[in-house]
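A.B. asks: the sequence and its predicted three-dimensional model are supplied below.
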Amino acid sequence: MNKFKEKLKIVTTGILQGNPTFALFIGMCSVLAVTTTFSTALGMGLAVILVMIMSNVVVSLIRKLTPDEIRIPVYIVVIAVSVTIVEMLMDAFTPVLADSLGVYLPLVVVNCIIFARAESFASKNTVLDSFLDAIGSGLGYFVAVCGVGIVREIIGTGTFGFTNPFTNIELFRVTLFPAEYAVSFFVSNAGAFMILGLLAAAINAISGKVIKNRLKKEKAAKAAAAAAVKAGAQ
Amino acid sequence: MNILVIALAAIITNNVVLSRFLGVCPLLGVSKKTENAIGMSLALIFVVVMSGILSYGFFHLVLAPLGLEYLELTSFILIIAVFVQFVEMFLKKYVQGLYNALGIYLPLITTNCVVLLVALENITLGFNFLEMVVYSIAVPVGFMMVIVAFSIIRTRIDGDKRLPTPFKGNAIALIVVALMALAFAGFGGIV
């Protein structure tokens, strides 16, 4: 049971405290670029999870064979090959999605998140742990990219829909408010930066408040304990 | 004329940071001081041009004749990494002064998306040699323009006490970039 909890923690760290986008501010280029609609954001999120699992598992498998001096070029090649595989698969099975991701798909190679996980986690841990870490960090990126995609699509167009990437048929589209009230600014380039800035501020505000509350509670508990000791002494 | 259009489009209307969202990580990371921003961008221009020429040559002289185009991504990123490493070692040994000035930025450049973007696009956009060199200079120059302007704005914002706490740091930085992107959107349609 304890062991299971330990494994679960590897996964959740990547999503919450170690969320690559909102907590660490890395790998943001693609979060800004592919989030005009939810469907492309979802595609990018899944592609990154896939690449991450492949590269983390392979780096972990060869961690004992890799000489320390040339580990960085080795990791780069492993990641580049993983990205090439995912890119070819997407070109074959989801051509429209691959088109709309454009140059941002091959640029996953230089996405700092993947390299950071290979260097700081997979090179030192077992294959299973690295696999779980890839899922955790990948999901962290996935949540961030999909979240920004949903917010931008809803505010920017007033509707929310999902397109099946394999057949390119729209599965559903819900109109939340009329298009005349939509703020198309948020679909534009400037809006992408703005929304990420506002989300970062919101997350700072929430996590700041949580920490403050925790400190307050600890202080109150300490005061109560001190009072109890005093009462006991009397 | 064509070359002028390529250069202007890459610097202004299709600015690599503001309209294509690439190089945002170094934009936030290395913009606290204007001198650092300038040093980083100069190193970037040098690396992009050189790795652009190397990867362009490698693609047309080795990969294309052998029918190995699918190795494009893997070989380009290796060329960039090896080139940066080589420059770093060369500077360390022979040009100590420049190494001390640029040294810390060089390793960061390997993972800068701009370098790989230019190398890939030189091929996909079907440039000839001259166009490729112009494009490789223009894209990082666009990056330099934005990061230098941004670092100047940032030195005034960072110490401002009127800023609400949650907005401190990267949040306000992103909003500043948003306003810059909005200003740059006004250039759309010029080229």
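C.D. replies: Good, I have the coordinates. Here the structure is a predicted model, which means the values were calculated and not measured.
A.B. asks: which element is A:R173 on?
C.D. replies: strand A:169-175 (DSSP states H and E).
A.B. asks: quick one: list the elements packing against that strand.
C.D. replies: strand A:159-164 (3 or more CB pairs under 8 Å, 6 or more residues apart in numbering or on different chains; DSSP states H and E). Yep, even glycine has a C-beta here, placed from its N, CA and C like the rest.
A.B. asks: what's the strand it packs on packed up against?
C.D. replies: Where contact means 3+ CB pairs under 8 Å, 6+ apart, strand A:159-164 is packed against helix A:38-61, helix A:127-157, strand A:169-175.
A.B. asks: give me the contacts around the helix or strand of chain B with the lowest mean pLDDT.
C.D. replies: In chain B, the helix or strand scored least confidently by mean pLDDT, DSSP states H and E is helix B:106-110, which has a mean of 72. With contacts defined as CB atoms under 8 Å, 6 or more residues apart in numbering or on different chains, helix B:106-110 is touched by A:110, B:26, B:29-30, B:40, B:43-44, B:47, B:80-81, B:84, B:87-88, B:91, B:115.
A.B. asks: how about the contacts made by A:V78?
C.D. replies: Counting by CB under 8 Å, 6+ apart, A:V78 makes contact with A:55, A:58-59, A:62, A:118.
A.B. asks: for chain B, longest helix please?
C.D. replies: Longest helix of chain B, by residue count under DSSP state H: helix B:129-158.
A.B. asks: next, see if that one gets close to chain A.
C.D. replies: No. Helix B:129-158 does not reach chain A (CB under 8 Å from any CB of the partner chain); its nearest approach is 11.3 Å.
A.B. asks: quick one: low-confidence ranges for chain A?
C.D. replies: A:1, A:16-18, A:20-27, A:233-234 (pLDDT under 70).
A.B. asks: before we move on, back to that, and after the strand holding A:R173, which helix or strand comes next?
C.D. replies: As assigned by DSSP H and E, the chain's next helix or strand after strand A:169-175 is helix A:189-233.
A.B. asks: name the helices or strands packed onto that next one?
C.D. replies: helix A:28-33, helix A:127-157, helix B:170-185.
A.B. asks: what helix or strand is A:A92 on?
C.D. replies: Using DSSP H and E, A:A92 falls in helix A:71-93.
A.B. asks: may I have that helix as PDB, with CA atoms only?
C.D. replies: Output in PDB follows, covering the C-alpha atoms of helix A:71-93 (Å, rounded to 0.1, in the frame of the first residue of the first chain):
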ATOM      1  CA  ARG A  71      24.800  11.900 -22.000                       C
ATOM      2  CA  ILE A  72      23.300  15.100 -23.400                       C
ATOM      3  CA  PRO A  73      23.800  14.300 -27.100                       C
ATOM      4  CA  VAL A  74      22.500  10.800 -26.300                       C
ATOM      5  CA  TYR A  75      19.300  12.200 -24.700                       C
ATOM      6  CA  ILE A  76      18.800  14.600 -27.600                       C
ATOM      7  CA  VAL A  77      19.000  11.800 -30.100                       C
ATOM      8  CA  VAL A  78      16.500   9.600 -28.100                       C
ATOM      9  CA  ILE A  79      14.100  12.500 -27.900                       C
ATOM     10  CA  ALA A  80      14.500  13.500 -31.600                       C
ATOM     11  CA  VAL A  81      13.800   9.900 -32.700                       C
ATOM     12  CA  SER A  82      10.700   9.700 -30.400                       C
ATOM     13  CA  VAL A  83       9.400  13.000 -31.900                       C
ATOM     14  CA  THR A  84      10.100  11.800 -35.400                       C
ATOM     15  CA  ILE A  85       8.100   8.600 -34.700                       C
ATOM     16  CA  VAL A  86       5.100  10.500 -33.300                       C
ATOM     17  CA  GLU A  87       5.300  13.000 -36.200                       C
ATOM     18  CA  MET A  88       5.200  10.200 -38.800                       C
ATOM     19  CA  LEU A  89       2.300   8.500 -37.000                       C
ATOM     20  CA  MET A  90       0.300  11.700 -36.800                       C
ATOM     21  CA  ASP A  91       1.000  12.500 -40.500                       C
ATOM     22  CA  ALA A  92      -0.300   9.100 -41.400                       C
ATOM     23  CA  PHE A  93      -3.400   8.800 -39.100                       C
END
